[in-house]
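[1] Okay, sequence plus prediction incoming.
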Amino acid sequence: MQLFDAHCHLQDERLAGRLAEVLKRAERSGVRRMLCCGCHERNWDAVLALAQAHPEIVPSFGIHPWYLVGRTDGWLETLERFLLDQPSGVGEIGLDHAVTPRADEKQEAVFIAQLRLARRLKRPVSLHCRKAWERLREILIQEGGVGWGGLIHSYSGSAELVRPLEEMGLYISFSGAVTRSGNKRGHRALAAVSPERLLIETDSPDLPPAGAAGTVNEPANLALVASGVANILGRLPDWVAEQTFANASRLLAGIMKS
Ligand SMILES: [Zn+2]
């Protein structure tokens, strides 16, 4: 079984200090590639170093809506330099209406600037969206979709929104959150996703899937997400692994080392 972790944060200090064993366990459970997302300027260097040391780690750089405070005046130029210096995606970026303080205006300005940069540099985006689905949809329509494709990570939107998002160029990624038995909304959304748009992720070190040991998630747990997703869809874990690996490889082909 070959697995592609479409969203994780290996630079997080909960994982970075014991990365050798984390990567070994990932390899043993079939994880062949990981898209590793930076969330603010202060961790872009760490993401870059990881990707340079480990060819299976695909880097992505962005400013997450939780980390708007502390960005420098030159953040957008710095981001462009990181993106130009190596094949890489844009993210994690997005909108969050559940965070305090919300600062919608700032969130949207930073998000839109990064969407436009991704389009100009022809890079795929990794989107975060929490309780802001209507606004996300409006902005994506206004921006003409995501120019070079992208994914919505740990999808928590409705089943009805899946098709319109797919039509705007997005893949839909599910984390361990969907494997919880009470998550009926997640199960319905998962069932609505087109097979060729489906992705799976761990969001390590957050969101351990049902059945994972400990509270710090890691890419090796992606096998649990694959089997949880397979259960909900009435498919085999191998089908989920193969389909999502092919989908992530297609979406990220332009930024992966061969
Ligand atoms: Zn994340």
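    Here it is on my side, so go on.
[2] going forward, measure contacts between C-alpha atoms and count neighbours the same way
    Will do.
[3] Okay, helices next: where are they in this structure?
    13-16, 19-28, 41-53, 75-85, 104-121, 133-142, 162-167, 184-192, 222-233, 237-251 (DSSP state H).
[4] Of all those helices, which one is nearest G94?
    Ranking the helices of the chain by proximity to G94 (Cα to Cα) places helix 104-121 first, at 5.6 Å.
[5] Just name the shakiest helix or strand of the protein by mean pLDDT.
    Here the helix or strand of the chain ranked lowest by mean pLDDT, DSSP states H and E is helix 13-16, holding a mean of 94.
[6] Grab the CA positions of it and hand them over as PDB.
    C-alpha atoms of helix 13-16 as PDB (Å, rounded to 0.1, in the frame of the first residue of the first chain):
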ATOM      1  CA  GLU A  13       8.200  21.000  17.600                       C
ATOM      2  CA  ARG A  14       6.100  18.100  18.800                       C
ATOM      3  CA  LEU A  15       7.500  16.100  15.800                       C
ATOM      4  CA  ALA A  16      10.700  17.900  14.700                       C
END
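[7] circling back: and of the helices of the chain, who's closest to L207?
    Across the helices of the chain, L207 has its closest neighbour in helix 222-233 (10.6 Å, Cα to Cα).
[8] And the contacts of the closest one?
    Residues from elsewhere that reach helix 222-233, judged by Cα atoms under 8 Å, 6 or more residues apart in numbering: 3, 5, 29-31, 175-176, 178-179, 187, 190-191, 200-202, 209-212, 236-237, 239-241.
[9] and if we set it to 6 Å?
    G176, T179, T202, L236, P237 (Cα atoms under 6 Å, 6 or more residues apart in numbering).
[10] what does stretch 113-130 give?
    With contact meaning Cα under 6 Å, 6+ apart, stretch 113-130 is reached by 89-96, 147-153.
[11] Ends of that stretch, what's the gap?
    19 Å (Cα to Cα, to the nearest Å).
[12] Buried residues in that stretch, which are they?
    114-115, 117-119, 122-130 (16 or more other Cα atoms under 10 Å).
[13] Same question for stretch 34-50.
    Here stretch 34-50 shows 34-41, 43-44, 46-48, 50 as buried, counting by 16+ other Cα under 10 Å.
[14] Help me confirm that I200 comes into contact with I172.
    No: in this structure, I200 is not within contact of I172 by Cα atoms under 6 Å, at 8.3 Å.
[15] ok so, going back, hmm, which two among the buried residues of stretch 34-50 are most spread apart?
    M34 and E41 (20.3 Å).
[16] what is the mean pLDDT for stretch 25-32?
    Across stretch 25-32, pLDDT averages out at 98.
[17] what do you get for stretch 48-66?
    Stretch 48-66 comes out at a mean pLDDT of 97.
[18] In it, which residues are buried?
    By neighbour count with 16+ other Cα under 10 Å, stretch 48-66 contains the buried residues 48, 50-51, 56-66.
[19] What lies in contact with that stretch?
    33-40, 88-93, 95, 107.
[20] end-to-end on it?
    Start-to-end, stretch 48-66 (Cα to Cα) is 21 Å.
[21] okay, now G211: neighbour count?
    The tally of other residues near G211 (other Cα atoms under 10 Å) stands at 13.
[22] separation between it and L224?
    7 Å.
[23] For F245, list the residues it contacts.
    Taking Cα under 6 Å, 6+ apart, we find F245 in contact with L3, F4.
[24] Kindly recompute the last result at 8 Å.
    Contacts of F245 (Cα under 8 Å, 6+ apart): Q2, L3, F4, L199.
[25] since we're on the nearest residue to I139 once chain neighbours are set aside, how many residues are nearby?
    Computed as Cα to Cα, 6 or more residues apart in numbering, the closest residue to I139 that is not its neighbour in sequence is I112, at 7.9 Å. The tally of other residues near I112 (other Cα under 10 Å) stands at 17.
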